[in-house]
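J.: sequence first, predicted coordinates after that:
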Amino acid sequence: MEPRKWFSLLAILGCFVFFASRDTPIRDTGREESPDEVLIAMVQALERGDVQALKECFGGDLRRRLEDLLARDSAPWLSEWLRRRGSAVKGLAILDQEELGPDQVRVLTETVYNDRNTRQSFLLERENGSWRVTQSDFEMVSDWENDFGKSIREVER
């Protein structure tokens, strides 16, 4: 089979897994969530506008930045912003996962939107026994610095 067909098949399978699991939030089963499950929980939290659940997906500097954002901006506005951003996501495909050590993994994904697909990488690290996103080039994360350095009036324009 051609590499393009394999990629298409993997993307479709990833989207299917995402849509099948996104209506059911991941539950605490007493076992450690996998890095993939953390990313799915992140997208679910975005879609619901659930700021606290989103915060639980992040660690390190990204978590501190989100906490600073929460301290600075109103939660209702932030929740609505997350819902708006999350509703644009139509699917998330996990393309590759590279173990960098016992407590560090890099996950490559493709996010599907109505008008485009984008690729991202996420560095997840084990913090206190749980996987957390500590670095990412995901546009939603980079928007924390772009949109949240501005007043609400500037962003809404």
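T.: Noted; the coordinates are in hand. Residues are numbered from 1 along each chain as shown.

J.: could you say which helix or strand holds residue 70?
T.: Secondary structure from DSSP states H and E places residue 70 in helix 60-72.

J.: can you name the next helix or strand after that helix?
T.: helix 75-87.

J.: for the protein, which segments are assigned as helices?
T.: In the chain, the helices defined using DSSP state H lie at 3-22, 35-48, 51-56, 60-72, 75-87, 139-147, 152-156.

J.: confidence-wise, which of the ones you listed is weakest overall?
T.: Note on the helices of the chain: lowest mean pLDDT is at helix 152-156, with a mean of 41.

J.: ok, residue 134 to residue 81 distance?
T.: For residue 134, the distance to residue 81 (C-beta to C-beta, to the nearest Å) stands at 22 Å. Backbone N, C-alpha and C define where each C-beta goes, glycine included.

J.: for the residue lying closest to residue 117 once chain neighbours are set aside, give its distance to residue 53.
T.: Using C-beta to C-beta, 6 or more residues apart in numbering and skipping residues adjacent in sequence, the residue nearest residue 117 is residue 110, 5.5 Å away. Distance, residue 110 to residue 53, by C-beta to C-beta: 23 Å.

J.: residue 85 too?
T.: 14 Å.

J.: and if you look at residue 118?
T.: For residue 118, the distance to residue 53 - C-beta to C-beta - is 23 Å.

J.: please say which of those two ends up with more neighbours.
T.: When neighbours are counted by other C-beta atoms under 10 Å, residue 53 comes out ahead of the other of residue 118 and residue 53, with 17 against 12.

J.: you'd agree the more buried one is up against residue 43?
T.: No - distance between residue 53 and residue 43: 10.8 Å, which falls outside the contact criterion (C-beta atoms under 8 Å).

J.: tally up the residues packed near residue 61, please.
T.: Neighbour number of residue 61 under other C-beta under 10 Å is 10.

J.: mind listing what the nearest residue to it once chain neighbours are set aside touches?
T.: Of all residues not flanking residue 61 in the chain, residue 134 sits nearest, at 7.0 Å (C-beta to C-beta, 6+ apart). Under the criterion of C-beta atoms under 8 Å, 6 or more residues apart in numbering, the contact list for residue 134 reads 58, 59, 60, 61, 62, 123, 124, 125, 127.
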